[in-house]
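[1] Have a look; sequence and predicted model below, questions after that.
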Amino acid sequence: MSAKLEESNRQLEYISYHDNLTGLYNRHYFLTTFNHLFNDMQRQSHDASLMLIDIDFFKQINDKYGHNAGDEALTHLGKLLKKAIRSGDVPARWGGEEFVVLMPSTTENDVKQVAERLIQNIESYQFPIIAKLTVSIGVSQFRADDTIKTWLERTDKALYQAKEQGRNRIRYSA
Ligand SMILES: Nc1nc2c(ncn2[C@@H]2O[C@H](COP(=O)(O)OP(=O)(O)OP(=O)(O)O)[C@@H](O)[C@H]2O)c(=O)[nH]1
């Protein structure tokens, strides 16, 4: 294969795995990797954590400062998220203003430290144009009887509680 063709294949592969705004993995790539790693987790019953992160009142931010400012905030948030996690973790843009991180070989104590650092880093960060934003975070640990669906649902419930209880906070699933 010519060097040029190889390079354009690499570029295509990158585009198909990543979200173009934030540079994080896209939902499709995340789910493919999740399936793959999940089988290992079930076999080995390893510690692992899942984190869902959702921007607070993002609609108001878009309405007040415009969609471009919102887009720029998403890009910066992606970078803050990448900085807060380890290289073996899998961060992705889950939906519009929602992010997900799969963290293999991670204890409840480990993930608490990451989530707390992340929420503080975001709260104290100066975003361009909008200046401030906060996020709510739901976290849960892998259980031996989990399916991907039950694990995601538990994490989503924790996120819902973080929103319900006032936002800008972390909730851990029971
Ligand atoms: N700028 C921008 N906005 C987006 C993007 N994707 C989703 N949004 C916006 O994100 C907002 C999400 O609004 P809601 O689901 O009501 O949630 P919220 O306002 O963040 O409120 P809570 O989550 O309840 O705190 C909507 O206004 C979407 O238009 C994007 O790629 N760029």
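    Sure thing, it's come through.
[2] Start from the N-terminal end of the protein and give the strands.
    With strands called from DSSP state E, the chain shows them at 48-55, 90-95, 98-104, 135-141, 170-172.
[3] what about the residue nearest to Phe57 when sequence neighbours are not counted, distance to Val139?
    With Cβ to Cβ, 6 or more residues apart in numbering as the criterion, Phe57 has its nearest non-adjacent residue at 7.5 Å, and that residue is Arg167. C-beta: built from backbone N, CA, C; applies to glycine. Arg167 sits 15 Å away from Val139, going by Cβ to Cβ, to the nearest Å.
[4] ok, now Lys132?
    Taking Cβ to Cβ, one finds Lys132 at 23 Å from Val139.
[5] Equivalent analysis for Ile15, please.
    Counting by Cβ to Cβ, the gap between Ile15 and Val139 amounts to 30 Å.
[6] if you count what's nearby, which of Arg167 and Val139 comes out ahead?
    Neighbour count, other Cβ atoms under 10 Å: between Arg167 and Val139, Val139 has more, with 25 against 14.
[7] Contact partners for that one?
    Taking Cβ atoms under 8 Å, 6 or more residues apart in numbering as the criterion, Val139 is in contact with 49-52, 111-112, 115, 155, 158, 170-173.
[8] got JSON lines for those residues, with pLDDT too?
    Shown next, in JSON lines, are the contacts of Val139 (pLDDT from 0 to 100):
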{"residue": "Ser49", "pLDDT": "97"}
{"residue": "Leu50", "pLDDT": "98"}
{"residue": "Met51", "pLDDT": "98"}
{"residue": "Leu52", "pLDDT": "98"}
{"residue": "Val111", "pLDDT": "97"}
{"residue": "Lys112", "pLDDT": "97"}
{"residue": "Ala115", "pLDDT": "98"}
{"residue": "Thr155", "pLDDT": "98"}
{"residue": "Ala158", "pLDDT": "98"}
{"residue": "Ile170", "pLDDT": "98"}
{"residue": "Arg171", "pLDDT": "98"}
{"residue": "Tyr172", "pLDDT": "98"}
{"residue": "Ser173", "pLDDT": "96"}
